[in-house]
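*Asks:* Predicted structure and sequence below. I'll ask about it afterward.
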Amino acid sequence: MIMDGLINVFLNVGMGQDYVHMAVQLTVIVFFAEFVTIFLSEATNGYSGDLNNVGKVFEYIVKLFLIAESLPMIMKLFELILSIL
Amino acid sequence: MNPLNNLDLSAFDKIWTGLFQEYEGLQQANYFDKSNLLNMESFSIVGFFQSLMNYAVHEVRVTFSQFQLILIFLLVVAIFQNVQSSFSNRYKEVTYTVLKLVLMVQLLQLFIFYHDYTLDVLMRYINIVIGIFPVLISLVAVTGAFWNHAIFQPPIIFLINASYFFVNVISLPLTVSGTVFGFINRIGPKDMYSQLINLVNRVALWSLGGYFAFFLALLSIQNVTLSFSNGLFFKGTQSLVNHIPIIGPRFTDTLMSVASTLAIMRNSVGLLSVITLVIFIVFPIIKIVVAVVLFRLLTAVLQPLISKEFIQILNVFNTGLMNLLVIMIIIGVMFIFTFFIILYSSNLILR
């Protein structure tokens, strides 16, 4: 909601705004993932239990999510290439 | 009686109606007489260039929206990259790949738009050439250049049709392949196909350039040679008829007067053809030039801010757009030169 508001106020470029929205969304996801990773590593240092595996699983989930985000773009790219050839 | 009244110039009427409908600036322009396009006295060259400048400014406004969109997208990416560099590199590759794909989709959409536009303009341009070529060649034949009409017209019509083939089958498809390969080459971190892409782009342009040279060389040699044959034939007939007592010299004088009068008409229609071709092709060229300049500017502005991978993707788009511009200029100039050469050589006859 806040992100949509920010984009509407500062980045209102009309046509093709979806792509800018997507870039902002990816940025937010990656920074959130970085924050969680740091948080997990700090938690591991402070306690005797090992949370490295949790960190790895979280990393894979985020990467899979990012790859899933790219799938519509890959499909679109294929469509465009086929339309011009 | 004005011979222009009996001349069928409906081909020009259709072309100019289409031009007026397409470009609002031409509709409002007052630098030529729209009721009679053969009236060249009211043509103002300053007004024409002002109209071109107005169109360029209009195109800058239109293209700026696309420019702005990609600029903002890449600025977001630049901010992301700069902040990301202070964290780990854990998500860097995946995120860059996704962002590169998003940029490629936007640029490929734009490239397809400009490609379709170029193809459409060039096909219409060649159709116009085929439409007005018979009018001009008939006028050339009427003024005494019979050999031009008989020997020259079939190869020219063949070569004009061959230019359809060069644009449709060789140059534009190769430019598209080069650009698509260029984008695909930039998805991964390794540069694997750059030599192949260079080769494809060069073949696309050099094949058309070679055709351009061949076409103009053939046209100028044939035109000059045939003009001298026509002149010889004309002068020979004139001397022969002069030997007929009493009516001979009068007949040839009258024939020369009619041929000279028709030559003025031929030159005015020829000039109209050239002006029509120039005005038809100059607006699309301005549109593509504005896009090339704006996107090159975008690349230059973003180079210090963003990583090399994104700049290389922008360069692929810039190269594709530049190739489209070069193809359009080659085809445009080729047919304008064709008309110039035909007109110039047909004036050599009576010298």
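*Replies:* Thanks, I have it.

*Asks:* B:Ser51 touches B:Leu26, doesn't it?
*Replies:* Yes. Between B:Ser51 and B:Leu26 a contact is recorded at 6.9 Å, counting by Cβ atoms under 8 Å. Placement of C-beta: from N, CA and C, glycine included.

*Asks:* Number of residues surrounding A:Leu85?
*Replies:* 9 (other Cβ atoms under 10 Å in any protein chain shown).

*Asks:* Low-confidence stretches in the chain?
*Replies:* By default, I'm working from chain A. A:1-17, A:45-52 (pLDDT under 70).

*Asks:* that's the wrong chain, I wanted chain B
*Replies:* Scanning chain B with the threshold set as pLDDT under 70 gives B:1-7, B:27-29, B:32, B:34-41, B:144-152, B:349-351.

*Asks:* Which parts of chain A are helices?
*Replies:* A:2-10, A:17-46, A:52-84 (DSSP state H).

*Asks:* With mean neighbour count as extra columns, can I get the ones you listed in CSV?
*Replies:* Formatted as CSV, these follow (neighbours: other Cβ atoms under 10 Å in any protein chain shown):
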stretch, mean neighbour count
helix A:2-10, 11
helix A:17-46, 16
helix A:52-84, 14
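
*Asks:* With distance to chain B added, can I get these in a markdown table?
*Replies:* Putting the helices of chain A into a markdown table (distance: least, Cβ to the nearest Cβ, whole Å) gives the following:
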| stretch | distance to chain B |
| --- | --- |
| helix A:2-10 | 9 |
| helix A:17-46 | 4 |
| helix A:52-84 | 4 |
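
*Asks:* want to try CSV for those helices, with distance to B:Phe183 as columns?
*Replies:* Shown next, in CSV, are the helices of chain A (distance: least, Cβ to Cβ, whole Å):
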stretch, distance to B:Phe183
helix A:2-10, 26
helix A:17-46, 16
helix A:52-84, 8
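
*Asks:* Return the residues of chain B in contact with chain A.
*Replies:* Contact residues (Cβ under 8 Å from any Cβ of the partner chain) of chain B with chain A: B:65-66, B:68-69, B:72-73, B:76-77, B:79-80, B:83-84, B:87-88, B:90-91, B:94-95, B:97-99, B:101-102, B:104-106, B:108-109, B:111-112, B:115, B:173, B:176-177, B:180, B:183.

*Asks:* ok, of those residues, which come out buried?
*Replies:* B:66, B:68-69, B:72-73, B:76-77, B:80, B:84, B:87, B:90-91, B:94-95, B:97-99, B:101-102, B:104-106, B:108-109, B:111-112, B:115, B:173, B:176-177, B:180, B:183 (16 or more other Cβ atoms under 10 Å in any protein chain shown).

*Asks:* residue in the stretch 251-351 of chain B nearest to chain A?
*Replies:* Closest residue of the stretch 251-351 of chain B to chain A, Cβ to the nearest Cβ: B:Gly320 (10.8 Å).

*Asks:* ok, that residue - contacts?
*Replies:* By Cβ atoms under 8 Å, 6 or more residues apart in numbering or on different chains, B:Gly320 lies in contact with B:111, B:175-176, B:178-179, B:182.

*Asks:* Show me which of those is closest to B:Leu208.
*Replies:* Closest to B:Leu208 out of the contacts of B:Gly320 is B:Thr175 (9.9 Å), distances taken as Cβ to Cβ.

*Asks:* With only the CA atoms kept, save stretch A:75-85 in PDB.
*Replies:* C-alpha atoms of stretch A:75-85 as PDB (Å, rounded to 0.1, in the frame of the first residue of the first chain):
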ATOM      1  CA  MET A  75       7.200 -15.500 -21.500                       C
ATOM      2  CA  LYS A  76       6.800 -11.900 -22.700                       C
ATOM      3  CA  LEU A  77      10.200 -11.900 -24.300                       C
ATOM      4  CA  PHE A  78       9.400 -15.100 -26.200                       C
ATOM      5  CA  GLU A  79       6.100 -13.600 -27.300                       C
ATOM      6  CA  LEU A  80       7.800 -10.500 -28.600                       C
ATOM      7  CA  ILE A  81      10.500 -12.400 -30.400                       C
ATOM      8  CA  LEU A  82       8.000 -14.700 -32.100                       C
ATOM      9  CA  SER A  83       5.800 -11.700 -33.100                       C
ATOM     10  CA  ILE A  84       8.700  -9.900 -34.900                       C
ATOM     11  CA  LEU A  85      10.300 -13.000 -36.600                       C
END
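
*Asks:* So B:Met256: helix, strand or coil?
*Replies:* helix (DSSP: H, G, I helix; E, B strand; the rest coil).

*Asks:* Next, count neighbours for it.
*Replies:* 14.

*Asks:* hang on, isn't it packed against B:Gln238?
*Replies:* Yes. Taking Cβ under 8 Å as the definition, B:Met256 is a contact partner of B:Gln238 at 7.5 Å.

*Asks:* Going along the chain, name the helices of the stretch 201-350 of chain B.
*Replies:* Under the criterion DSSP state H, counting those that start in this stretch, the stretch 201-350 of chain B carries helices at the ranges B:247-302, B:308-347.

*Asks:* Distance check, B:Leu9 against chain A.
*Replies:* Taking Cβ to the nearest Cβ, to the nearest Å as the measure, B:Leu9 falls 38 Å from chain A.

*Asks:* From what I see, that residue and B:Val135 are in contact.
*Replies:* Yes. Counting by Cβ under 8 Å, B:Val135 is a contact partner of B:Leu9 at 7.1 Å.

*Asks:* and the two? which has more neighbours close in?
*Replies:* Remark: of B:Leu9 and B:Val135, B:Val135 carries more neighbours, 20 against 16, as counted by other Cβ under 10 Å.

*Asks:* Quickly find the element holding that one.
*Replies:* Assigned by DSSP states H and E, B:Val135 belongs to helix B:92-142.

*Asks:* Mind giving me the packing neighbours of that helix?
*Replies:* Other helices and strands packing on helix B:92-142, by 3 or more Cβ pairs under 8 Å, 6 or more residues apart in numbering or on different chains; DSSP states H and E, are helix A:17-46, helix A:52-84, helix B:10-22, helix B:45-84, helix B:153-165, helix B:172-185, helix B:247-302, helix B:308-347.
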